[in-house]
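J.: can you look at this prediction? I've put the sequence above it.
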Amino acid sequence: MNACITAELKKLKDTGLERRLRAIAGPTGPRGVINGNPALILCSNDYLGLANDPEMKRAAIEAVEKFGAGAGASRLVSGTMEPHAQLEGRIKAFMDAPAALVFNSGYHANLACITALAGRSTDIFSDRLNHASIVDACVMSRANIRRYPNGGIQALEGALKRSTAAEKLIITEGVFSMDGTLARLDEIIPLLDRYNAMLLLDDAHALGVMGKGGRGTLEHFNIKRHPSIIQVGTLGKAAGSFGAFAVAGEDVIELLVSKARPFIYTTALPPSVCAASAKAFDIFEQRPGLRERLWRNVSQFKAGLRLSGISFMDSGSQIIPIIIGSSGEAVRISGELLEKGVFIQAIRPPTVPENTARLRVTLSAAHTEGDIAYGLSAIKEVFKGRK
Ligand SMILES: Cc1ncc(COP(=O)(O)O)c(C=O)c1O
């Protein structure tokens with residue numbers, strides 16, 4: 001093997017940063033089978049349990065029968081089929097936005113929007129905890145990148161004040177993926193007019209769960225859609241499917257169609273995926289009980305941790321991190337939990353900052369009260385004796 005690769009792999013192993021794929025048998029859901037043993041899954045982003053929902057599956061199967069397995073080309077060639085157009089119409093209506101565009105993943109969506117909207121003459125103001133896809137997109141855009149401390153509104157405003165750039169783009173996640181905390185949108189949005197800036201709001205972990213109707217963090221904060229906001233949502237998390245979208249003004253969407261390379265140069269999503277995604281928006285509207293169930297589970301879980309004296313980040317969302325610190329220790333604890341039939345993946349740098357390796361617990365509406373109690377008892381046992 002190439003010596004550099006061997007050395008790099010050894011370094012990853014020695015620092016506890018080696019990553020391994022783990023196959024889960026059975027459908028996506030709150031429980032699965034890992035290495036032949038049943039396990040409670042407490043680290044999926046299928047927050048409403050829609051990935052294996054019968055209505056979702058039926059929508060996908062019917063679309064396969066009607067439209068086939070693949071789109072056959074990129075959206076701008078011959079890949080825009082009825083289900084793509086229908087999904088965009090459904091998203092636009094649900095999000096109450098002027099226009100919508102679907103992308104092949106959240107990663108694509110962030111690359112597409114940021115590289116199309118920002119260039120050498122742009123100052124980007126990016127929260128330090130923003131997702132890797134945002135970080136990569138900022139670099140690709142060739143814009144000047146000004147990173148501000150997580151949630152640091154004063155620092156953000158200071159940087160905006162100092163900026164002399166022709167265009168200014170603020171980027172934040174609505175719900176931070178690894179901390180579960182919410183961006184202070186009520187304080188960020190007023191900066192848009194004050195400094196003539198745009199905002200890319202990545203609501204990957206907010207769609208379907210945040211806000212009374214599941215429309216994300218703008219709805220959560222009761223903030224009206226501002227013309228300078230591009231809101232990104234992913235379809236592979238609470239929507240239980242795959243893909244992503246941006247909603248924004250018609251001019252922004254028109255620009256993305258003509259300019260966004262990660263939209264232009266890739267085969268369109270399979271029609272069945274679009275049909276399942278469209279069904280998810282029906283379910284968001286028709287089954288508000290799923291969100292209620294999710295928040296009940298979150299309350300039960302947090303109360304249980306408190307009772308056991310286990311410290312956790314009280315994030316305000318369905319993402320509840322238990323910070324461990326050392327990567328090796330986080331992996332060890334995750335392994336012990338798995339032996340007890342509970343799967344919580346250890347999240348390590350560079351996904352999270354150095355010395356903040358963690359168990360990122362995520363809950364779903366599909367978890368039962370019994371599931372939560374079982375998860376809590378396993379965590380309590382593994383954490384016995386730990387401060
Ligand atoms: C905040 C955030 N943005 C974007 C993405 C990428 O979304 P997708 O998984 O659809 O590529 C993720 C998912 O990991 C995320 O957490």
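T.: That came in fine, so what should we check first? Numbering: from 1, shown residues only.
J.: for the closest residue to the ligand within the stretch 201-350 of the chain, the count of nearby residues, please.
T.: Closest to the ligand within the stretch 201-350 of the chain is A204: 3.5 Å, counting by Cβ to the nearest ligand atom. For glycine as for every other residue, the C-beta is placed from the backbone atoms N, C-alpha and C. When counting by other Cβ atoms under 10 Å, one arrives at 26 neighbours for A204.
J.: likewise Q154?
T.: Q154, neighbours per other Cβ under 10 Å, totals 10.
J.: again, but for G236
T.: By other Cβ under 10 Å, neighbour count at G236 equals 18.
J.: quick check: closest non-adjacent residue to it.
T.: F242 (4.7 Å; Cβ to Cβ, 6 or more residues apart in numbering).
J.: ok, F301 next?
T.: Nearest to F301 is I372, by Cβ to Cβ, 6+ apart, at 5.3 Å.
J.: in contact with that neighbour, which residues?
T.: N297, Q300, F301, G304, L363 (Cβ atoms under 8 Å, 6 or more residues apart in numbering).
J.: what would these look like in JSON lines with neighbour count?
T.: As requested, the contacts of I372 are exported to JSON lines (neighbours: other Cβ atoms under 10 Å):
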{"residue": "N297", "neighbour count": "23"}
{"residue": "Q300", "neighbour count": "18"}
{"residue": "F301", "neighbour count": "23"}
{"residue": "G304", "neighbour count": "17"}
{"residue": "L363", "neighbour count": "28"}
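J.: among these, which are in helices?
T.: N297, Q300, F301, G304 (DSSP state H).
J.: and the gap between L307 and K380?
T.: 9 Å (Cβ to Cβ, to the nearest Å).
J.: likewise for G152?
T.: Per Cβ to Cβ, G152 is found 35 Å from K380.
J.: S241 now?
T.: 35 Å.
J.: where along this protein do the helices fall?
T.: 3-14, 54-67, 82-95, 106-117, 132-141, 153-162, 185-194, 217-220, 250-259, 261-264, 271-286, 288-308, 327-339, 369-383.
J.: so which other helices or strands are in contact with the second one?
T.: Identification of packing neighbours for helix 54-67 by 3 or more Cβ pairs under 8 Å, 6 or more residues apart in numbering; DSSP states H and E yields helix 82-95, helix 271-286.
J.: kindly report the same for the fourth one.
T.: Using 3+ Cβ pairs under 8 Å, 6+ apart as the contact criterion, the neighbours of helix 106-117 among helices and strands are helix 132-141, strand 167-173, strand 198-202, strand 229-234, strand 244-248, helix 250-259, helix 261-264.
J.: could you export those as CSV, including distance to the ligand and mean pLDDT?
T.: Below are those laid out as CSV (distance: least, Cβ to the nearest ligand atom, whole Å; pLDDT from 0 to 100):
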stretch, distance to the ligand, mean pLDDT
helix 132-141, 5, 98
strand 167-173, 5, 98
strand 198-202, 5, 98
strand 229-234, 4, 98
strand 244-248, 5, 98
helix 250-259, 16, 98
helix 261-264, 11, 98
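J.: ok, now which ones touch the spatially closest residue to M198 that is not a sequence neighbour?
T.: In this structure, M198 finds its nearest non-sequential neighbour in S228, 4.6 Å apart by Cβ to Cβ, 6+ apart. Shown in contact with S228 (Cβ under 8 Å, 6+ apart): L192, D193, A197, M198, L199.
J.: in PyMOL, select just the buried ones from those residues.
T.: Buried residues among the contacts of S228 (16 or more other Cβ atoms under 10 Å), as a PyMOL selection:
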select buried, resi 192+197+198+199
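J.: make JSON lines from the contacts of S228 and add distance to T80 to it.
T.: Listed next are the contacts of S228 as JSON lines, based on distance: Cβ to Cβ, whole Å:
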{"residue": "L192", "distance to T80": "32"}
{"residue": "D193", "distance to T80": "35"}
{"residue": "A197", "distance to T80": "32"}
{"residue": "M198", "distance to T80": "27"}
{"residue": "L199", "distance to T80": "28"}
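J.: for the nearest residue to G32 once chain neighbours are set aside, give its distance to the ligand.
T.: Distances taken as Cβ to Cβ, 6+ apart place I24 nearest to G32, at 4.1 Å, with adjacent residues excluded. According to Cβ to the nearest ligand atom, to the nearest Å, I24 and the ligand sit 17 Å apart.
J.: equivalent analysis for H367, please.
T.: 20 Å.
J.: what about that residue, how many neighbours?
T.: That count, for H367 with other Cβ under 10 Å as the rule, works out to 26.
J.: now the residue nearest to it when sequence neighbours are not counted, what are its backbone angles?
T.: Nearest residue to H367, sequence neighbours excluded (Cβ to Cβ, 6+ apart): P30, at 4.8 Å. Backbone dihedrals for P30, given as degrees, to the nearest 10, come out at phi -70, psi -20.
J.: same deal with G151?
T.: Torsion angles, degrees, to the nearest 10, at G151: phi 70, psi 10.
J.: and it, what does it touch?
T.: Neighbours of G151 in contact, by Cβ under 8 Å, 6+ apart: D127, T181, A183, R184.
J.: can you list the residues of the chain near the ligand?
T.: For the chain, the residues in contact with the ligand (Cβ under 6 Å from any ligand atom) are 105-107, 110, 131, 133, 173, 177, 202, 204-205, 234, 236, 244.
J.: and those, which is closest to D46?
T.: G236 (8.7 Å; Cβ to Cβ).
J.: any idea how far H367 is from the closest one?
T.: Taking Cβ to Cβ, one finds G236 at 19 Å from H367.
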